[in-house]
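Chemist: sequence first, then the predicted structure, then my questions.
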Amino acid sequence: MSHAIAPVNQKRPVNMRKLVQRTVMYIVVVGITFIILTPIFFLVSLSFLSTREAYEFPLPLLPDFTTQFKLEQGKKGYLLSVYDDQSGDYETVLDTDDTNKMSVYMRSFLNTIMSEKEIQARIADFESKIQNAEIGPDGAIYFTHRRDLLQNYRVFFQVTRDAVPALIRSLQVAALTIVISLSIGGLAGYAFARYVFVGRDGLKFGVLFVRMFPAVAIALPMITILANIGLYDQPLGLSLVYAVGSIGLTVWITASIFLGIPVSLEEAAMVFGATKFQAFMRITFPLALPGLAAAAMYSFLGAWNETVSAIMLTQFHPTFAVVVYQTLLGSTGQVNLAAAAGMAMALPAVIFTFFIRRYINQMWGGITV
Amino acid sequence: MVNARKRNFWKSMTPYLMIAPVIIYYALFWLRPVLVLVFDSFTAAGGGFTFQNFALVFQDPSFWPAVRNTTIIVVFSVTLEFIVAMLLAFLINAKFPGSSAFLFIAMIPMALPAMAVAAMWQTGLTAHGWLNSLLYYLGFLEQGQKIYYLTGSDVKNLILIILVDAWTVIPSVMIILLAGLQNFPEEAKEAGYLFGGNVWTVTRRITLPMLKPTIQTAVILRLIAAIQIWLIIVMLFGFNRLPALVERVVYYTDQVPGLTYSYQLAASYTILVSVVVTIAALAFLQVSGAFKRDAGEIR
């Protein structure tokens, strides 16, 4: 952990070198952070933009929290204008006396939920000001209305058929994958860590090999195999496929975790009268918990993120990743909805990583930068 | 006496019993599908043994472009990612305030689902996207000027794919290497300097060899992932524009599943991908000596 202590007589040059090193390091750290965060920032920001904003160029950096309107007399009815940040002026969007049309436009293009009643109240205000000659020299009234920031997400889940059930299915698939791979893989991982036996290296290599095998090569023939046992298009069927990959990883991770826990601890417990099983449950298992959590997390992420097998092995019951895939593949427009879909996909994965990040660090060997 | 031998027998069987579930699982859900796949790839659409499917693959006009694109992506992305991640890890290798926050940020691209990464760059790389907007705000683009990222030659598009992949992967490879460096016994390096080594020799002769297991893991996993890149290609360019091996498999199963030879073509492409991945994995394991390394592991 501690760094090399510089010899006393070289104090000055070492300090200079350290200063340069530190500066370079900070420049690199800031640079990387910027490069990582910029695309993420824009994805987040874009997912909150209204459709009108999302089609402006350059894109606004942040969504507006309110929409500013201008209402005046038009040719066909009332002229509705919206303040535009880019041009710094009001831009006319509608010329109509149909308040329903106005409301729909506000909702779908401006993410501003304003009922017909509220719009009618504004129009009445406008009319009365004209009657009483209270209106300004430009013959218009101005008002602002709160923006509904989560509108894109709501629209995505409403418009996209099957988005909510697909989300639930994805969680089911991930949970099943974790259960299968932890129970089967964890047991084998323990055996690899604690026993010497003939064929051990061969088996360990085999596990690694299966893990590396391409997912498509299992998913494609599994279409017919799962169909024969009635598990095609089912969460369980998909998790059976995902577990093939995650068992390998679980064996690998748990083996290294159990290796790191000295056998002598278990032996000590057994000297004090515990059985082998008790010694494992009371001593080794709690110590291995972080590693098991890391393995579970990897299984979760693998199942949640996977697309190829899910595309091939589902039809009417897609996972959430497939739903997002179809949304993005089809959409040439509606970039803000695409961003919202991507965010909905990213959020559980990032949250999961956040909660379990200490364990990942531990898995890679107690990294404490 | 007999009892003891019996106990001994069961004791020696314990590890096999613990590993048996994995073996059974793999037999059912790995070996069986793989055998079915091999069988199917040599079976004609109407039944019967045939080499026709592979002949069809080689005649597929996008076969050679797919091979070429996949090769380019693999070679350049793995090399680039590894070198850059290594350099960054060496530059950062120190504790500093806020380092745990930085580590978490660096983990995000790895944690992001491929679909989210695709959404990010799909919205970013269109002419009206956020990347051009950013360049405009930073003053690199004039009013009304735009860069068209997604048009043009295959080379340009491949570079784009490699860069997007690098964005996703480099931070996490960097973390892995950083972890290796952090666990590094400082004494080993000091000894190197003591015996007259300079930074370069110490790095080359001590640091890198000791990091070898970490590097191995990172490169194996990256190599195999890179061979199977397809989603980001399809999300940015659609099917058929920039064919890649796995992209072809998905194309024939998901996009044109109804054709007479769709399944056969997909199966044959998948066999090719599997062979390439297998060769890559075996070659790498051989070179890195992973076959021999295991024996002395238990103490």
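Modeler: All right, it came through fine.
Chemist: could you use CA atoms for every contact and neighbour count after this?
Modeler: OK.
Chemist: got a list of what residue A:250 touches?
Modeler: The neighbours of residue A:250, taking Cα atoms under 8 Å, 6 or more residues apart in numbering or on different chains as the test, are A:181, A:182, A:185, A:186, A:189, A:292, A:295, A:296, A:299.
Chemist: what's the helix or strand for the fifth one?
Modeler: Put plainly, it is residue A:189. Counting by DSSP states H and E, the element that carries residue A:189 is helix A:163-194.
Chemist: got the CA coordinates for stretch A:302-311 in PDB?
Modeler: Provided in PDB are the C-alpha atoms of stretch A:302-311 (Å, rounded to 0.1, in the frame of the first residue of the first chain):
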ATOM      1  CA  GLY A 302     -24.900 -11.300 -18.200                       C
ATOM      2  CA  ALA A 303     -28.500 -12.200 -18.200                       C
ATOM      3  CA  TRP A 304     -29.800  -8.600 -18.200                       C
ATOM      4  CA  ASN A 305     -27.500  -7.400 -20.900                       C
ATOM      5  CA  GLU A 306     -27.600 -10.400 -23.300                       C
ATOM      6  CA  THR A 307     -29.300  -9.800 -26.600                       C
ATOM      7  CA  VAL A 308     -28.300 -12.500 -29.200                       C
ATOM      8  CA  SER A 309     -29.700 -15.500 -27.400                       C
ATOM      9  CA  ALA A 310     -32.800 -13.600 -26.300                       C
ATOM     10  CA  ILE A 311     -33.600 -12.600 -29.900                       C
END
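Chemist: can you list the buried residues in the helix holding residue A:189?
Modeler: For helix A:163-194, a neighbour-count test (16 or more other Cα atoms under 10 Å in any protein chain shown) marks A:163, A:166-167, A:169-178, A:180-182, A:184-194 as buried.
Chemist: spatially nearest residue to residue A:301, not counting backbone neighbours?
Modeler: Computed as Cα to Cα, 6 or more residues apart in numbering or on different chains, the closest residue to residue A:301 that is not its neighbour in sequence is residue A:349, at 6.4 Å.
Chemist: state the mean pLDDT of the helix or strand hosting that neighbour.
Modeler: Taking DSSP H and E as the criterion, residue A:349 maps to helix A:335-355. For helix A:335-355, mean pLDDT rounds to 87.
Chemist: contact partners of that helix?
Modeler: By Cα under 8 Å, 6+ apart, the surrounding residues in contact with helix A:335-355 are A:43-44, A:46-51, A:54, A:152-153, A:155-156, A:297, A:301, A:304, A:320-321, A:324, A:327-328, A:331, B:104, B:107-108, B:111-113, B:115-120, B:123.
Chemist: of these, which belong to strands?
Modeler: Counting by DSSP state E, none of the members of these fall within strands.
Chemist: how close does the residue nearest the centre of chain B sit to chain A?
Modeler: Among the residues of chain B, the one closest to the centroid is residue B:225, at 2.0 Å (Cα atoms, centre = their mean). In this view, residue B:225 and chain A are 9 Å apart by Cα to the nearest Cα, to the nearest Å.
Chemist: how near is that residue to residue A:61?
Modeler: According to Cα to Cα, to the nearest Å, residue B:225 and residue A:61 sit 34 Å apart.
Chemist: quick revisit: ok, so of the contacts of residue A:250, who is nearest residue B:68?
Modeler: Proximity of the contacts of residue A:250 to residue B:68 (Cα to Cα) peaks at residue A:299, which lies at 32.4 Å.
Chemist: SS state for that closest one?
Modeler: Put simply, residue A:299 is helix when judged by DSSP: H, G, I helix; E, B strand; the rest coil.
Chemist: what degree of burial does it show, as a neighbour count?
Modeler: 28 (other Cα atoms under 10 Å in any protein chain shown).
Chemist: now do it, the pLDDT please.
Modeler: According to the prediction, residue A:299 has pLDDT 89.
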